[in-house]
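>>> kindly generate the corresponding structure for this input.
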Amino acid sequence: MKRSIRLLGFLIPLCIIIVGSPGYPQPKIPRENIPSKIPADVREKIDKLYSHDPKERALAAISLGEIGAGATGAIPFLLGLLDDNGYLVSAKYVKDLGYEVTTPGKEAALALAKMGNAKPAVESLITALRHKDKTVRTNASGALKEITGQDFGDDPLKWQKWWDQNKEQFLRRR
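Numbers count the residues shown, from 1 in each chain. I've put the predicted structure just below:
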């Protein structure tokens, strides 16, 4: 009996260490590395991308998309959220469907698409098409379609071929 209790006393902390505490998705760049040269309003929104609350992360991504071209400093932080699947119900009511379900990752992809000059994100979005999570691939392909005007679904090979052939021209225009 004492041996079993001692074994449990060892296994429980070990399980906590192995499993870890329940985390939450956040940008892959450490929070303290948010550049100070980014405008204060954009920095404030980027900081909210680190929230425990998926609704706050989604709203921050939406706000960055609304800022548009002035928020391009947020691109690497938004790219880091593409795999954020913290589901929440949107306040937007869609006729015949009820309330829309969204995720911070989906809103991050939409924000990238709204920035207009998110061309630097194209290569990272093509890389995201190889992600194991279907939601990330869907979010990335949607953003690529909006940014480039092309539609190759979530096929990374077709996107990469198009990018290799059109990168120089694409980056020069607009």
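>>> only C-alpha atoms for contact and neighbour calcs from this point on.
Will do.
>>> helices of this protein, start to end?
Secondary structure of the chain (DSSP state H): helices located at 2-19, 40-48, 54-67, 75-79, 104-114, 122-128, 134-148, 156-172.
>>> for these, which one ends up most surrounded?
Greatest average neighbour count among the helices of the chain goes to helix 104-114 (a mean of 28), per mean count of other C-alpha atoms under 10 Å.
>>> tell me which of the helices of the chain sits nearest to residue 27.
Across the helices of the chain, residue 27 has its closest neighbour in helix 75-79 (5.1 Å, C-alpha to C-alpha).
>>> and that closest one, how far out from the chain middle?
7 Å (C-alpha atoms, centre = their mean, to the nearest Å).
>>> identify the residues contacting it?
Contact with helix 75-79 is made by 27-29, 46, 49, 61, 108-109, 111-112, 118, 121, 124-125, as judged by C-alpha atoms under 8 Å, 6 or more residues apart in numbering.
>>> mind redoing it with 10 Å?
The contact list for helix 75-79 (C-alpha atoms under 10 Å, 6 or more residues apart in numbering) reads 26-31, 34, 46-47, 49-50, 57, 60-61, 64-65, 72, 104-105, 107-112, 115, 118-121, 124-125, 128, 140.
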